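Sequence first, then the predicted structure, then my questions.
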Amino acid sequence: MRVPRVRLTVRRMVVLVLYLSQVTLSAAEPPGAEKKEAVKDEDSRFGDGPMTGSVAFSPDGRTLTASSRFDCIPLRLWDASSGAVIRRLAELDPRVPDSCVRCVAFSPDGKLLATGDSAGTVRIGLMDSGQKVRELVGHEGFIVSVAFSTDGKLLAVVDEVQALSLWRVATGKRLRCFPLDGLEAVLSPDGRLIASLRRKEAVSLLDATTGRELRRFWRQRGHVFCLAFSPDSKSLASFESDGTVRVRDVETGRDVHRFPSYRLDLGLIDESYQHHIAFSPDGKFLAAGDARMKLCLWDMTTGHVFRRFPKADIAYGVAFSPDGRRIASGGESIRLWSIETGKDISRAKL
């Protein structure tokens, strides 16, 4: 009888090794040995609980909010100091069954909160009461990101069908819509430029008024996962699948910094590991985090690692406090860290 061949992928091999190690350990226990109750690691962020998708600070640094990556959890505001829930924002939650908030953003004056959900709807509400004041429809697929312009007058929305829309916040009118080649696009803080991925092979800089491509940056190897402008709009950071966080000069396209993070033994970084990068408000630091590398902070002056946060474990969302002294990371909980000491200040459970 012919025995069918089984192809062992790397993932299957890892699972098999872990299973065999558990069987070996169980067999090694002497008869009658007392079984010890497993102790739950309080610092562990892995598990079956909800996972954050994005994290945002209010402009005064007192309040945090977060979206969910997969689960439909109620939208809430947390006290950044204690991690206590301040209020629920029920009017900004999705109305479509089984849809969830995918992204969040505060307006620069702290009065408004914008949310985008998996049903393709964007809602804008008052932060102090949670009252919905505007609903932006007409997107297709889920909402990938929402971001206010620096003056708070415009809201940039990226949806699943690879389109970026610019909305006027005061009227709820869509001003422009640009087709994209990828799901990642960011508006520069000064509102002049849009950085967009082109099939993950290159980064395009577009004029935010006309949509005309101004210049294009090609990646060196692999794909580009995410983008972030510096606060002065002069630099653009990208997280690339060769394990590099690259910072380019917007005008020339030349590399300002190349921060090596990590590489897999058998190739490039897996796209399924959510990547997030963010500049500090003063532009002195760049933070990068994901499910594998945890959370790392680079000094933009020296080009060296300033601090690592090994206990972050997962960093699906990353946000700096407005004063630049704290950083929030999202996983199964939102954790607030001191940049100066690296210590865990507080956490808010989803």
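Yep, it's here.

Do I have it right that Leu205 meets Leu187?
No. Leu205 lies out of contact with Leu187 (CB atoms under 8 Å); the separation is 11.6 Å. Every C-beta, even on glycine, is put in place using the N, C-alpha and C of the backbone.

These two: which is more packed in?
Shown here are Leu205 and Leu187; by other CB atoms under 10 Å, Leu187 has more neighbours (26 against 22).

I'd say the more buried one and Asp151 touch.
No. Using CB under 8 Å, Leu187 is not in contact with Asp151; the gap is 11.8 Å.

so where is the stretch 251-350 of the chain shaky, pLDDT-wise?
Applying pLDDT under 70 to the stretch 251-350 of the chain flags the ranges 261-275, 290-293, 311-316, 349-350.

circling back: overlap of the contact sets of Leu205 and Leu187?
193-194 (CB atoms under 8 Å, 6 or more residues apart in numbering).

Show me what Leu193 is bridged to.
Legend: beta-bridge partners of Leu193 under DSSP bridges are Asp207.

Phe259 versus that one, what's the distance?
According to CB to CB, to the nearest Å, Leu193 stands 22 Å off from Phe259.

Not counting residues beside it along the chain, what's closest to Phe309?
Distance criterion CB to CB, 6 or more residues apart in numbering; nearest residue to Phe309, sequence neighbours excluded, is Leu295 at 4.1 Å.

swap in Val169?
Distances taken as CB to CB, 6+ apart place Leu155 nearest to Val169, at 5.4 Å, with adjacent residues excluded.

and if you look at Phe229?
The nearest residue in space to Phe229 (CB to CB, 6+ apart) is Ser188, at 4.7 Å.

Pro179 now?
The spatially closest residue to Pro179, leaving aside those adjacent along the chain, is Ala163, at 5.7 Å (CB to CB, 6+ apart).

Next up, the contacts around that neighbour.
If you count contacts by CB under 8 Å, 6+ apart, Ala163 has them with 139-140, 177-180.

How about it: which residues does it bridge to?
Bridge pairing for Ala163 - DSSP bridges - gives Asp159, Pro179.

Okay, it and Ser188: tell me how far apart.
In terms of CB to CB, Ala163 sits 18 Å off from Ser188.

what do you get for His139?
His139 is 22 Å from Ser188, by CB to CB.

do the same with Glu240
The gap separating Glu240 from Ser188 is 20 Å, by CB to CB.

now do Val203
13 Å.

Need the overlap of contacts for those two.
Ala195.

okay, and the helix or strand of the protein with the least pLDDT?
When the helices and strands of the chain are compared on mean pLDDT, DSSP states H and E, helix 10-28 comes out lowest with a mean of 35.
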